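Student: predicted model follows, preceded by the sequence.
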Amino acid sequence: MTATKGLEGIVATTSSISSIIDGVLTYRGINIDDLAENATFEEVVYLLWYGKLPNRSELAGLIKDLSDNASVPAEVLNQIKLYPQNVNTMAALRTAVSSLALYDAEAGDMTPESNLRKAIKLQAQLPTLVAAFDRIRKGLEPIAPKAGASLAENFLFMLTGKDPEKIAIQALDKALVLHADHELNASTFAARVTVATLSDIYSGVTSAIGALKGPLHGGANEAVMAMLEEIGTADNVTSYIHDKLENKVKIMGFGHRVYKNGDPRAKHLQKMSQELGKLTGNMNWYDMSIQIEEIVTGQKGLKPNVDFYSASVYTSLEIPRDLFTPIFAISRTSGWTAHILEQYENNRLIRPRAEYTGPSHQAYVPIDNR
Ligand SMILES: CC(=O)SCCNC(=O)CCNC(=O)[C@H](O)C(C)(C)COP(=O)(O)OP(=O)(O)OC[C@H]1O[C@@H](n2cnc3c(N)ncnc32)[C@H](O)[C@@H]1OP(=O)(O)O
Ligand SMILES: O=C([O-])CC(=O)C(=O)O
């Protein structure tokens with residue numbers, strides 16, 4: 001038995017949800033470029049869960065379902081009020097999502113109908129949790145979700161209490177479309193491993209949030225912004241990046257396990273970053289990002305991934321840096337839950353093997369002789 005480090009190239013399951021073939025990403029066979037240009041996030045959620053694009057009444061039904069389920073139990077909001085000051089936002093989200101299960105009477109119901117209902121609740125309630133957490137830590141009261149609004153509009157509304165600009169809603173909506181699913185990425189794999197024991201959907205999404213948090217995965221978007229802020233201005237970029245590369249420090253937002261010729265989502269986020277920079281009159285983050293890309297791609301051949309330009313996009317939308325990864329989680333809940341439902345449909349325990357590298361034939365030494 002020989003292990004493959006990081007399971008690189010190992011095909012661990014079949015799935016009909018999203019594919020990456022020759023560097024092209026599709027959701028249910030539809031090219032991500034077409035979805036990014038044309039679809040709303042709710043259309044994508046429908047596509048991922050039901051395997052087809054919704055017609056008008058199906059879409060209206062889903063928007064209503066999400067809207068009707070967007071409120072979170074008061075007990076969970078009260079718990080968030082007791083979290084320590086300055087906790088990590090992804091740790092808070094992981095805990096809050098786990099708590100949701102305690103107040104859902106059907107949490108342990110494993111019927112397909114119940115699991116779909118819980119997928120809707122999770123998708124609807126994550127934005128409410130993230131916005132409530134942000135307000136509570138600022139000493140403000142959470143804002144109740146707005147009936148009938150899209151998920152992107154509702155999230156921005158619940159963060160600020162103001163009706164968001166159309167351009168901000170459209171930008172966030174597109175970012176959500178781009179982050180919704182991505183084949184067997186680490187957090188989706190974690191979700192599938194968890195539910196393949198026939199554990200519940202809340203456990204699967206909680207596992208996934210834990211996996212997304214790390215800086216080698218979803219946490220990279222926050223790390224990109226931390227880097228941009230540390231560099232400060234465009235004239236510091238060259239020396240900063242050269243220094244990091246010389247010292248073999250990874251540049252966040254670059255490289256990918258599967259894409260070696262570039263992440264097809266990055267160009268959409270780059271364009272949005274440029275447009276929003278122009279609109280807000282602050283091109284600094286975009287200009288720095290372009291310079292970083294030139295150096296990292298030029299020297300290492302590494303291309304930006306989905307996390308790189310999303311950092312400047314969210315900053316232009318005045319979203320706090322430590323909400324970037326929670327926003328990724330809001331979007332990816334659609335993919336996680338689609339994968340969890342798919343796993344339940346044709347389940348088998350996921351239990352690979354390890355290549356043992358420890359000592360062999362060791363004698364047991366009684367405690368008095370050690
Ligand atoms: C949504 C997402 O999850 S997208 C990914 C988000 N993560 C990041 O942006 C973090 C930065 N990137 C990385 O750490 C990696 O590129 C990963 C984790 C995304 C992919 O990792 P892997 O496929 O395991 O590649 P691995 O980490 O083994 O890197 C291979 C080589 O490229 C180098 N490399 C990879 N990414 C980077 C980077 N961002 N900056 C500098 N060097 C890098 C490694 O140092 C390594 O070099 P070596 O062979 O000289 O030791
Ligand atoms: O697929 C991966 O390994 C990481 C990624 O880009 C994602 O989850 O969107």
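Tutor: Perfect, thanks for sending it. Ligands and ions are numbered 1, 2, ... in the order given.

Student: SS state for residue 352?
Tutor: Under the three-state scheme (DSSP: H, G, I helix; E, B strand; the rest coil), residue 352 adopts coil.

Student: residue nearest the centroid of this structure?
Tutor: residue 328 (2.9 Å; C-alpha atoms, centre = their mean).

Student: which residues touch it?
Tutor: Counting by C-beta atoms under 8 Å, 6 or more residues apart in numbering, residue 328 touches 179, 212, 218, 221, 307, 310. Bear in mind the C-beta positions are built from the backbone N, C-alpha and C, glycine included.

Student: narrow the residues you listed to those in helices?
Tutor: The helices, defined by DSSP state H, take in 179, 212, 221, 307, 310 from the contacts of residue 328.

Student: filter the contacts of residue 328 down to the buried ones, ChimeraX style.
Tutor: Paste this into ChimeraX to select the buried members of the contacts of residue 328, with burial taken from 16 or more other C-beta atoms under 10 Å:
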select :179,212,218,221,307,310
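
Student: so which two of the contacts of residue 328 are the farthest from each other?
Tutor: Based on C-beta to C-beta, the longest span within the contacts of residue 328 runs between 212 and 310 and measures 13.4 Å.

Student: packing partners of the longest helix anywhere in the chain?
Tutor: Counting residues, the longest helix found in the chain (DSSP H) is helix 112-137. Packing partners of helix 112-137 (3 or more C-beta pairs under 8 Å, 6 or more residues apart in numbering; DSSP states H and E): helix 41-50, helix 56-68, helix 74-81, helix 89-102, helix 151-160, helix 201-212, helix 324-345.

Student: which among the ones you listed is found nearest to residue 187?
Tutor: Nearest to residue 187 among the helices and strands packed on helix 112-137 is helix 201-212 (4.0 Å), distances taken as C-beta to C-beta.

Student: packing partners for the closest one?
Tutor: Against helix 201-212 (3+ C-beta pairs under 8 Å, 6+ apart) you get helix 89-102, helix 112-137, helix 186-195, helix 324-345.

Student: mind putting those in a markdown table, distance to residue 151 and mean pLDDT included?
Tutor: Below are the helices and strands packed on helix 201-212 laid out as a markdown table (distance: least, C-beta to C-beta, whole Å; pLDDT from 0 to 100):
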| stretch | distance to residue 151 | mean pLDDT |
| --- | --- | --- |
| helix 89-102 | 16 | 98 |
| helix 112-137 | 6 | 98 |
| helix 186-195 | 19 | 98 |
| helix 324-345 | 8 | 99 |
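
Student: now distance to ligand 1 too, for those, in CSV please.
Tutor: Output for the helices and strands packed on helix 201-212, formatted as CSV (distance: least, C-beta to the nearest ligand atom, whole Å):
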stretch, distance to ligand 1
helix 89-102, 13
helix 112-137, 17
helix 186-195, 7
helix 324-345, 7
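
Student: residue of this structure nearest ligand 1, please.
Tutor: residue 255 (2.3 Å; C-beta to the nearest ligand atom).

Student: so that residue touches residue 301, yeah?
Tutor: No: using C-beta atoms under 8 Å, residue 255 is not in contact with residue 301; the gap is 9.6 Å.

Student: neighbours around residue 42, how many?
Tutor: 23 (other C-beta atoms under 10 Å).

Student: what's the answer for the one 4 residues further on, then?
Tutor: Counted with other C-beta under 10 Å, the neighbours of residue 46 add up to 22.

Student: how about residue 167?
Tutor: 13.

Student: need phi/psi at it.
Tutor: Note on residue 167: backbone dihedrals following degrees, to the nearest 10 are phi -60, psi -40.
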